[in-house]
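In: okay, predicted coordinates and the sequence, questions at the end:
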Amino acid sequence: EQKYYQSKSLFGIDNLLLNIEVEFKNWVYRSTSQEVVSRDKDLAERLKLRAISLKKLLLRLMNNLSDIEIDVVNDKLIYFEKDDFGKIISIPKSFGQLASGNRSIIAMVGDMVIRLLEGQPDISDPSDLEGIVLIDELDIHLHPTWQKALPGLLSEIFPKIQFIASTHSPIPLLGAPKESVVLKVHQSSEAGITVEKLDIDLTKLLPNSLLTSPIFDFEEIIPTANTSLEDLHTEDTFQEAMANEEIKERLKKIAQSLK
């Protein structure tokens, strides 16, 4: 039971994600065990490299973490975070104390690595794993910056894996690798469930364009609370919108002074 967290996987309500923390500790402990080293030196070295590589890839995926260590006394993994300015926070956290985005990535990637290693036991570096991985709703629990970064990072870190991911957000598409294919799922009583390939160049579209594209069919993007289209900002960035707002205020003051 200690090998599982109460998280659901894609294909069944009773399937739980495998706990990468248990595997990570197992790799470290076994790689330093004198019994393992004396019996199978190659296995010990492979487990050591596997733990080192996993730690590196997790830190690469989550730039708000500075380190992952084993608290041997309490037999648990501890995580060191960075603050919003990149400074390392000295007080470590357990998995349960991490933000939901961190926990989601660790659980998802950890489960993926464990399951793929079952069929490829001679692999030392998880980046060498091969396979096809399906991720349902990639954007859940993730900050927009992570939503954008994760698709590219996964493809970069696991170059031999083909990822098929669903999303309800345009943000992950901003970080999709250049070779990505966009598929749209339809459901009707006549045809059942069908899949349509959309020939859309993701490299040329911003979020508003993606939302109103055939991918999402989000036709109305004006805030419901807006009562005057004249006050609507259509700039590409928030900074541009605020700069134009400041210019408007200055012009109003100049106009009032000339009366």
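Out: Right, received. Where do you want to start? Numbers count the residues shown, from 1 in each chain.

In: got the end-to-end distance for stretch 154-165?
Out: End-to-end span of stretch 154-165 (C-alpha to C-alpha, to the nearest Å): 11 Å.

In: give me the low-pLDDT residue ranges for the stretch 51-200 of the chain?
Out: The model of the stretch 51-200 of the chain has no residue with pLDDT under 70.

In: where do the strands sit along it?
Out: 65-71, 76-81, 131-135, 161-165, 182-188, 192-198 (DSSP state E, counting those that start in this stretch).

In: got the CA coordinates for whatever helix or strand residue 47 lives in in CSV?
Out: According to DSSP states H and E, residue 47 maps onto helix 41-61. Extracted in CSV, the C-alpha atoms of helix 41-61 (Å, rounded to 0.1, in the frame of the first residue of the first chain):
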residue,chain,number,x,y,z
LYS,A,41,28.3,-4.3,-9.4
ASP,A,42,26.7,-3.4,-12.7
LEU,A,43,23.3,-3.3,-11.2
ALA,A,44,24.4,-1.1,-8.4
GLU,A,45,26.0,1.3,-10.8
ARG,A,46,22.8,1.3,-13.0
LEU,A,47,20.6,2.0,-10.0
LYS,A,48,22.9,4.9,-8.9
LEU,A,49,22.9,6.5,-12.3
ARG,A,50,19.1,6.0,-12.5
ALA,A,51,18.6,7.9,-9.3
ILE,A,52,20.9,10.7,-10.3
SER,A,53,19.3,11.0,-13.7
LEU,A,54,15.8,11.1,-12.3
LYS,A,55,16.7,13.8,-9.9
LYS,A,56,18.2,15.9,-12.7
LEU,A,57,15.1,15.5,-14.9
LEU,A,58,12.7,16.4,-12.2
LEU,A,59,14.6,19.5,-11.3
ARG,A,60,14.7,20.4,-15.0
LEU,A,61,10.9,20.0,-15.2
